[in-house]
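Participant: pasting the structure only:
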């Protein structure tokens, strides 16, 4: 069992991380080389999301129990909700000799970059072309205006941390961003 490379994708809500990952994992060459971790979260499920595909949706009490049992590779609280990556995705990547892709928030990304001592860690920051574009993308969601404003405030803080990432992809054109992301991933796998 080899130590898997960990690829961390972070960026503000609405930057397009999930869309890019979904398109990437429709490609055979990506599925053959990478495992995609699905995060656990205490936030409410959104329309069109599916438990076990987009996130594992659990309540706060269960999340805290799992955290106490050292279940998570990393976990963070973001905007009043908890998010975490189960260690078993890392173990699965090691067993299958693949690299692991995590789509996690900036706090989780920076935590793993500092904490994880084994294997290769590559950090990629996905950003919207502008604050206005990000705002438009977030307004299309079915979230309360107050939640959207919190996400925009958080995005401004996250953008400042983006300089600590290995690469930044500005997601202006989806097909170009997808090609750029695929190129970086394949270059940095095991």
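Facilitator: Cool, the structure landed. Given the structure is predicted, the values throughout are model-derived calculations rather than measurements.
Participant: what separation do you get for residue 21 and residue 31?
Facilitator: 12 Å (Cβ to Cβ, to the nearest Å). (Glycine included, C-beta is placed from N, CA and C.)
Participant: go ahead and confirm residue 21 touches residue 124.
Facilitator: No - assessed by Cβ atoms under 8 Å, residue 21 is found out of contact with residue 124, at 10.9 Å.
Participant: so for the two, which sits in the more crowded spot?
Facilitator: Neighbour comparison, residue 21 and residue 124: the larger count goes to residue 124, with 24 against 19 (by other Cβ atoms under 10 Å).
Participant: quick one, helices of the chain?
Facilitator: Under the criterion DSSP state H, helices of the chain are mapped to 17-24, 28-33, 60-68, 87-95, 106-115, 131-139, 145-161, 174-188.
Participant: check contacts around residue 150.
Facilitator: Residues near residue 150 by Cβ atoms under 8 Å, 6 or more residues apart in numbering: residue 79.
Participant: by mean pLDDT, which helix or strand of this protein comes out lowest?
Facilitator: Scoring the helices and strands of the chain by mean pLDDT, DSSP states H and E places helix 131-139 at the bottom, with a mean of 79.
Participant: in it, which residues are buried?
Facilitator: Within helix 131-139, the residues scored as buried using 16 or more other Cβ atoms under 10 Å are 133-135, 137-138.
Participant: on that earlier part again, overlap in contacts of residue 21 and residue 124?
Facilitator: residue 9.
Participant: quick one on the thing from earlier: just checking, what packs against the least confident helix or strand of the chain?
Facilitator: helix 145-161 (3 or more Cβ pairs under 8 Å, 6 or more residues apart in numbering; DSSP states H and E).
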